[in-house]
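>>> model this:
(2 chains, ligands or ions: 2)
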Number of protein chains: 2
Amino acid sequence: MKMKQKLEVTSSRPYSIFLGVGLEDLGAYLEKELGGIEHLLIVTHPRVKEHYLERLINGFSAFQCDVLVVPPGEEEKSLERLSKLTSEAVACGADRHSVVLALGGGVIGDLAGFFASVYMRGIRFVQIPTTLLAQVDSSIGGKTAVNHPSGKNLLGAFYPPLVVWTDFSTLETLPWEEVLNGLAETVKHAVLGDAALFSFLETNQQKIIDRIPEIYQELTSRSLQVKVRVVMEDEKEKGQRMLLNLGHSFGHALETEAAYQGISHGKGVSIGMIAATYLAEARGLITSAEVKRILDLVKGLGLPIQIQGKDPEILLHLMEADKKNQKGQKVLILPDKIGHALVVRDACDEEILQAWNKVIIK
Amino acid sequence: MKMKQKLEVTSSRPYSIFLGVGLEDLGAYLEKELGGIEHLLIVTHPRVKEHYLERLINGFSAFQCDVLVVPPGEEEKSLERLSKLTSEAVACGADRHSVVLALGGGVIGDLAGFFASVYMRGIRFVQIPTTLLAQVDSSIGGKTAVNHPSGKNLLGAFYPPLVVWTDFSTLETLPWEEVLNGLAETVKHAVLGDAALFSFLETNQQKIIDRIPEIYQELTSRSLQVKVRVVMEDEKEKGQRMLLNLGHSFGHALETEAAYQGISHGKGVSIGMIAATYLAEARGLITSAEVKRILDLVKGLGLPIQIQGKDPEILLHLMEADKKNQKGQKVLILPDKIGHALVVRDACDEEILQAWNKVIIK
Ligand SMILES: NC(=O)c1ccc[n+]([C@@H]2O[C@H](COP(=O)([O-])OP(=O)(O)OC[C@H]3O[C@@H](n4cnc5c(N)ncnc54)[C@H](O)[C@@H]3O)[C@@H](O)[C@H]2O)c1
Ligand SMILES: NC(=O)c1ccc[n+]([C@@H]2O[C@H](COP(=O)([O-])OP(=O)(O)OC[C@H]3O[C@@H](n4cnc5c(N)ncnc54)[C@H](O)[C@@H]3O)[C@@H](O)[C@H]2O)c1
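Ligands and ions are numbered 1, 2, ... in the order given. This next block holds a predicted model:
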């Protein structure tokens, strides 16, 4: 059973998120709802192209349509790839009226979104997320970026899409490792902002592991609504939106330490969230019973709660580069109960080290 | 006599333009008006640094201040330079709260403005224009960009500054060739939108050539107000703002043909505006008496009205790449009287060639 849903995001430029729609129906939507579109520029990965391009393009008979293929990998989120996309776009005649379609996961969404934001000072774009992470997280909120040797996501723009078009059936071909990345963000959303979603995940653990489509539709829809709610309150990331970084201060340190090789983003977020939870427990912010529920769910879904052989001092040091930090003071997001989190600005190195020690297996 | 002026631009993000202020007073303004600034990142050219950095920095004792020096030249408006600025900014600890100051002409303004728009998804920036062109034109309107092998200003953003800080005394060291680039835009502004400014330029031709400061203050202030007015009516360049491209469709073709080497922007605009004026005359849009006044003023200021040995067919062809064009139809801006212009979408190649022939010396 496919259930269609439409959410409206009110930002500086309002847009709609469609859930449970079909790839083949996007063409008709664009034709009807958005006038004056003639030329589409699809940016995608080889594997995604293979599985889904045909279904998408079937709906596009009314448009001229070009496809730009980007090799997979985080390293493609770069200025060099942006420059190549620019040459290719000019070569196929893309102008101010063209529309960029980002068909893929977070890498394609961030890269193609940033490209759209700067090409001829900004052309329209559509997010078509095909990974769980992109569906629950990266396609929402209007953040786009590329990496730079000096830092991850260092160059980018706040550039909301015209529309987010989410076809859940694309998850069927997604490798389990990639599903886990999205599940980590979903648990994070539940912990920081939706106790009912947390219970839903607890109840349906096995169905999630068995990849039952209806469960994914439900968890995706609920999970992204947490993000939509937080983002609407704080589009440009001045306050509330920081809550979405629960687990990221610790997690990014792990990812950086592993140079984004050894550890997936999902695992980083997962262990990072556990470290933040331990710190909250040590401060008496959250009860031990709730800590146990968080540990059990994370473990139950097959996400890690510990990591082997890291040096806490090095990780502490890496946390200093966090974009959230202010005047040298580390800014952390800690859960104070399941479904709620807060910003903490006075954590000392001592207690951060203790939290690291709890998630590191010597 | 120095006269201070303040203009308010109402755009998606309103900002102020200060005219007739001193470089040394910007620090106090930033301290008083804009809270929470700690770190300034000045982007400038070697020559401008030599002449003006000390005066500017004298006012900055309250801030940590770093200077990034960019070699002169249009070729520095590139992704490669943007990438270098990024490394340098990270190395000197620039974060979300840093403010970029663009101290220089249009190249610095466009490059540093675009850099500010994408660094950490956008940090604040201030325009401190030191060329006449930047003061009357490029620092106003919020357009920023870099060039790309596939096209000039191909990647950029609409990103209004916090404030534009114009110290007219910086014009004293500007080479005459650079002054001419600004004068061409000033004449253009007069022709398309301000008959009184046109008369002022006619009356004061000799004083302009003699570089009398008071005259420059007056002409700069009036000229940029034409741009401010047009831009406020159409921030994102959907309609009216196209009028500012008077002379550019022809002019860019000349500049492209010369690969931006042989011909300055001012000369391109000047000859382009004359070609557009001839086309308007041939259509009976503008009287021959007014055409003569335009020719006389342009010549009188030492700007060219003709060019040697170009092939009109090649130039016609180059006009096809104009960003304004729609559905293959060339879009031209033509003056219909001094102080007024209109958008023309039905010019045929024949009449465009005739206009080219009038400005080309065989
Ligand atoms: N903009 C934001 O707000 C935001 C938020 C979180 C993460 N991100 C970014 O997202 C990126 C990670 O995104 P991701 O986890 O989606 O990874 P990804 O985009 O790299 O996709 C993972 C892999 O899955 C493949 N794939 C995608 N869809 C598929 C499908 N339906 N079937 C089979 N294979 C498929 C891709 O080809 C790719 O190789 C990171 O760069 C991160 O910085 C951005
Ligand atoms: N953003 C816009 O709306 C807009 C509008 C028009 C032009 N532009 C851009 O502006 C650029 C041209 O700008 P420009 O004409 O100012 O040239 P420029 O920025 O290259 O400056 C010209 C030269 O003058 C030197 N200089 C600057 N100020 C000086 C001073 N006070 N004394 C001595 N030397 C000084 C510079 O070092 C440089 O070598 C082009 O790239 C064009 O695309 C942008």
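>>> quick one, longest strand in chain A?
For chain A, the longest strand by residue count, based on DSSP state E, is strand A:151-158.
>>> Would it count as contacting chain B?
Yes. Using Cβ under 8 Å from any Cβ of the partner chain, strand A:151-158 comes into contact with chain B via A:151, A:154, A:155, A:156, A:157, A:158. No exception for glycine: its C-beta is placed from N, CA and C like everyone else's.
>>> in the helix or strand following that strand, what counts as buried?
Scanning forward in sequence from strand A:151-158 by DSSP states H and E, the next helix or strand is strand A:163-166. By neighbour count with 16 or more other Cβ atoms under 10 Å in any protein chain shown, strand A:163-166 contains the buried residues A:163, A:164, A:165, A:166.
>>> want to throw those residues into JSON lines with distance to residue B:126?
Supplementary listing: these in JSON lines, determined by distance: Cβ to Cβ, whole Å:
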{"residue": "A:163", "distance to residue B:126": "35"}
{"residue": "A:164", "distance to residue B:126": "35"}
{"residue": "A:165", "distance to residue B:126": "40"}
{"residue": "A:166", "distance to residue B:126": "41"}
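>>> Out of those residues, give me the two with the largest separation.
A:163 and A:166 (10.1 Å; Cβ to Cβ).
>>> Touching both of these two, which residues are there?
Common neighbours of residue A:163 and residue A:166 (criterion: Cβ atoms under 8 Å, 6 or more residues apart in numbering or on different chains): A:17, A:18.
>>> For burial, what's the neighbour tally of whatever residue of chain A ends up closest to ligand 1?
Distance from ligand 1 to each residue of chain A (Cβ to the nearest ligand atom) is smallest for residue A:106, at 1.9 Å. The number of residues packed near residue A:106 is 22, by other Cβ atoms under 10 Å in any protein chain shown.
>>> you'd agree it is up against residue A:136?
No. Counting by Cβ atoms under 8 Å, residue A:106 stays clear of residue A:136, with 10.5 Å between them.
>>> if we can go back for a sec, redo the residues of strand A:151-158 next to chain B as JSON lines? Include neighbour count.
Shown next, in JSON lines, are the residues of strand A:151-158 next to chain B (neighbours: other Cβ atoms under 10 Å in any protein chain shown):
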{"residue": "A:151", "neighbour count": "16"}
{"residue": "A:154", "neighbour count": "21"}
{"residue": "A:155", "neighbour count": "27"}
{"residue": "A:156", "neighbour count": "25"}
{"residue": "A:157", "neighbour count": "21"}
{"residue": "A:158", "neighbour count": "18"}
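>>> ok, those vs ligand 2, which is closest?
residue A:157 (17.6 Å).
>>> tell me the contacts of that closest one?
Residues in contact with residue A:157, defined by Cβ under 8 Å, 6+ apart, are A:113, A:114, A:117, A:118, A:144, A:145, B:117, B:118, B:121, B:122, B:157.
>>> In strands only, show me the residues you listed.
Those of the contacts of residue A:157 lying in strands (DSSP E): A:144, A:145, B:157.
>>> Which of those sits closest to residue B:81?
Out of those, the member with the shortest distance to residue B:81 (by Cβ to Cβ) is residue B:157, at 15.8 Å.
>>> so what's that closest one closest to, chain neighbours aside?
residue B:117 (4.1 Å; Cβ to Cβ, 6 or more residues apart in numbering or on different chains).
>>> got a pLDDT number for the one you found?
We have a pLDDT of 98 for residue B:117.
>>> Okay, now the unreliable bits of chain A?
For chain A, the stretches with pLDDT under 70 are A:1-2, A:235-238, A:260-261.
>>> Recalculate using a threshold of 80.
Segments of chain A classed as low confidence (criterion: pLDDT under 80) are A:1-3, A:11-12, A:34-36, A:234-239, A:259-262, A:321-328.
>>> quick one: the helices in the stretch 251-362 of chain A?
Per DSSP state H, counting those that start in this stretch, the stretch 251-362 of chain A carries helices over the ranges A:265-282, A:288-300, A:312-318, A:349-359.
>>> among the ones you listed, which is the most enclosed?
helix A:265-282 (a mean of 25; mean count of other Cβ atoms under 10 Å in any protein chain shown).
>>> what comes up buried for the lengthiest helix in chain A?
Counting by DSSP state H, the longest helix found in chain A is helix A:213-233. Using 16+ other Cβ under 10 Å as the test for burial, helix A:213-233 gives A:215-228, A:230-232.
>>> Stretch A:136-156 now?
A:136-148, A:151-156.
>>> Ok, stretch A:25-35 next?
Neighbour counts over stretch A:25-35 (16+ other Cβ under 10 Å) mark A:25, A:26, A:27, A:29, A:30 as buried.
>>> Identify, from these, the entry nearest to ligand 2.
residue A:30 (31.5 Å).
>>> That closest one should be in a helix, yeah?
Yes. Assignment of residue A:30 by DSSP: H, G, I helix; E, B strand; the rest coil places it within a helix.
>>> quick one: it from chain B, how far?
19 Å (Cβ to the nearest Cβ, to the nearest Å).
>>> That residue: what's it in contact with?
A:37, A:40, A:63, A:99, A:126.
>>> out of those, which is most surrounded?
Going by other Cβ under 10 Å, residue A:126 tops the contacts of residue A:30 with 25 neighbours.
>>> helix, strand or coil for that one?
strand.
>>> now the host helix or strand of residue A:185: how far from the chain's centre is it?
In this assignment (DSSP H and E), residue A:185 forms part of helix A:176-193. Averaging C-alpha positions (Cα atoms, centre = their mean, to the nearest Å) puts helix A:176-193 9 Å from its chain's average.
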